[in-house]
Structure formats: structure tokens, C-alpha cells
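In: below: sequence and its predicted model.
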Amino acid sequence: MYTISILASPARADLDDDTIVALQRRWDGGHAIWLDHGTAAEFAVEAPPAEFDEVWAQLDGRGFDLAVQPAAARRKAVLLADMDSTMIGQECIDELADMAGVGARVAAITARAMNGELNFHESLVERVALLEGLPDSVIAQVLDSRISLAAGGPTLVATMKANGAWTALVSGGFTDFTGPVADRIGFDEQRANVLLSDDSGRLSGRVALPILGREAKAEALQEITAARGVTVADAIAVGDGANDLGMLQLAGTGVALHAKPVVAAQAPIRINHGDLTALLYLQGYGRDEFVAG
């Protein structure tokens, strides 16, 4: 059996009974369950519908998300999450670059790297080099004034932890940011790259090796699940960039959240309209089971 999930943005909460009933009839689905009236519903089908992509595109155009996945073992024991433009609303290196006066140049490289047009390792080295000489005290300024948590993130982490899951923030960004962000949201652990500074307290323009990129994120998924005594099938992963694709495709549930087009096209599940609480609905959590973060 498979589960069809239909989701609306919590800000709109405009999912209606007519939309659900039309899908049920079209796909001979089972009884519909509202997980959060107006925002999330699901029903069972015997097999993934052959016309799923066509219907997904139609609903996407109306502002709804649609997903199909095996019904068994949907609630996951591990959460792996990207940070930049996933758990937070910004790309930290772009914010640092803006403070260094090279914001537009670095942002353009970041956008191409996240869309899979550039090698992540090489592009990160190039971008970090442009930060050389920036006082490392700027990192705290960026954290305080420019970084905002993505909607639904603290609730996602708190709810999964309350149900026994292990949560990990795994980023191609920097530990100077993942440490505070992980603490603020409540992640159990975090992994990221390390920015290097010189003796004068300024960024050296270098990043410690090896660089945590696409392959390292997939390896982190394998290592973290093994350490918890579970398999990658027991994990849900979320990200938005090309360097996330490895872990998204390897995890039991891989979710591209407001992702770059090339990433969304290759990810198992796409969420274009909902926030991070969509990952809870995809696991079958009802709104009454959410834990405030």
C-alpha cells in the first residue's frame, strides 16, 4: 500500500474537501484522513498512480503539494537537515560576502553551485577566498542581525525528538553558523565545514579540508543511522541544493524543500508551498501531535 499526501501552505490553509474527494475518486483511494484541516490530508492507494506527475503539476499550479510514498514505516528514527535556505532563510556565505563587499559576486557563484552548475568543492574554495581579511567578529554580527529560522523548523525537530528520533544538522556551510543554529533549534548534533582564521582574528580565505559536500552528506547519513542502530531507510532528509541530492536520494524519505529546479526534478518528494512542518505531515503526524520548539 501507498500513501497519498496533499498539503497546503499553513499560511493559506486552503485545502478543501472537494480537492481531496476528486483525487480519491480519480485514484480509487481509501478513506481520507485530515491531519490538519485546511492544510494536510492523506489517503491510501494500492499503487503509485501512473499519472502522478501530471496531477502533481496541476496541484502545484494551484499552490498545493502532492506526494506518494510507501505506507509502511513512514515515521522515521533520524532526521538529517541541510541548513542554508532550508532550516534558515539565508545562505550564510552570501551574508558574509555582503559584509565583505563582494556579495553579488559570491551570491552568483552560490546560486550556480546550488543548482548543480558548478563543482561544490571548487566553488566553495573560490567563494571563501573572497572573504580573506574579513574580521571573524563579523560572523557574530551576521548571526545576530541577518539569520532567521525557517518556518516550522523548531516544531519539526521538537516533535521528532519527542517521538524518539535523532536529529542532525548537516551543512555544506560553516560550523560557526551550524553550532549556534543547531543549539537554537534543538538539533542533537551538527556537521559542517570549518572556516580558518589567521592570528590577527581575520578570515584567512581558506576552509579546512576535507570539505563537506554532496558525498560527505550521504556518508553522514550512513554514519549517523548506523550509530543509532538503524538503516538509511529509517531516515528522513531535507535540503534544497544540488549538494543535498545524495542524501535525499539515499534516505528512506528524501524531501526537496523550496528547492532549485534541478534538485526538485531529481528528489523523491518535492515541497514547494508548505513549510518544514510538511515533513511531519509526510510521516503521518497530525497537527494535534505537534510539539512546540
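Out: Looks like it came in fine.
In: so F174 bridges to which residues?
Out: Beta bridges link F174 to N193, judged by DSSP bridges.
In: wait, it touches L196, no?
Out: No: counting by CB atoms under 8 Å, F174 does not reach L196; the two are 10.2 Å apart. Placement of C-beta: from N, CA and C, glycine included.
In: looking at those two, which is more packed in?
Out: Between F174 and L196, counted using other CB atoms under 10 Å, F174 has the larger neighbour count: 23 against 14.
In: OK, contacts around that one?
Out: Residues near F174 by CB atoms under 8 Å, 6 or more residues apart in numbering: 92-93, 192-195, 207.
In: got it, and P70?
Out: P70 sits next to 1-3 when contact means CB under 8 Å, 6+ apart.
In: what helices or strands is the longest helix that the chain contains leaning on?
Out: As assigned by DSSP state H, the longest helix anywhere in the chain is helix 214-227. If contacts are counted by 3 or more CB pairs under 8 Å, 6 or more residues apart in numbering; DSSP states H and E, helix 214-227 sits against strand 78-81, strand 166-174, strand 235-239, helix 245-250.
In: what's the most buried one of those?
Out: Ranked by mean neighbour count, the helices and strands packed on helix 214-227 are led by strand 235-239 with a mean of 29 (mean count of other CB atoms under 10 Å).
In: outside of it, which residues touch it?
Out: With CB under 8 Å, 6+ apart as the test, strand 235-239 has contacts from 76-82, 86, 217, 221, 224-225, 244-245, 247-248, 250-257, 259, 263, 276, 279, 282-283.
In: rewinding a little: for R62, which of the helices and strands packed on helix 214-227 is the nearest?
Out: Closest to R62 of the helices and strands packed on helix 214-227, according to CB to CB: strand 235-239, at 23.1 Å.
In: quick one: average pLDDT of the closest one?
Out: Regarding strand 235-239, the rounded mean pLDDT is 98.
In: that one pairs with which strands, parallel or anti?
Out: strand 78-81 (parallel), strand 253-257 (parallel).
In: need the ones you listed in a markdown table (columns: mean pLDDT and distance to T110).
Out: Formatted as a markdown table, these follow (pLDDT from 0 to 100; distance: least, CB to CB, whole Å):
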| stretch | mean pLDDT | distance to T110 |
| --- | --- | --- |
| strand 78-81 | 98 | 19 |
| strand 253-257 | 98 | 17 |
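In: TSV for those, including distance to I20?
Out: Shown next, in TSV, are the strands paired with strand 235-239 (distance: least, CB to CB, whole Å):
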stretch	distance to I20
strand 78-81	27
strand 253-257	21
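In: L156: which of those is closest?
Out: With CB to CB, the closest approach to L156 among the strands paired with strand 235-239 belongs to strand 78-81: 7.3 Å.
In: after the closest one comes which helix or strand?
Out: Per DSSP states H and E, the first helix or strand lying C-terminal to strand 78-81 is helix 92-99.
In: now that following helix: how far from the chain's centre is it?
Out: Distance of helix 92-99 from the chain centroid (CA atoms, centre = their mean, to the nearest Å) equals 20 Å.
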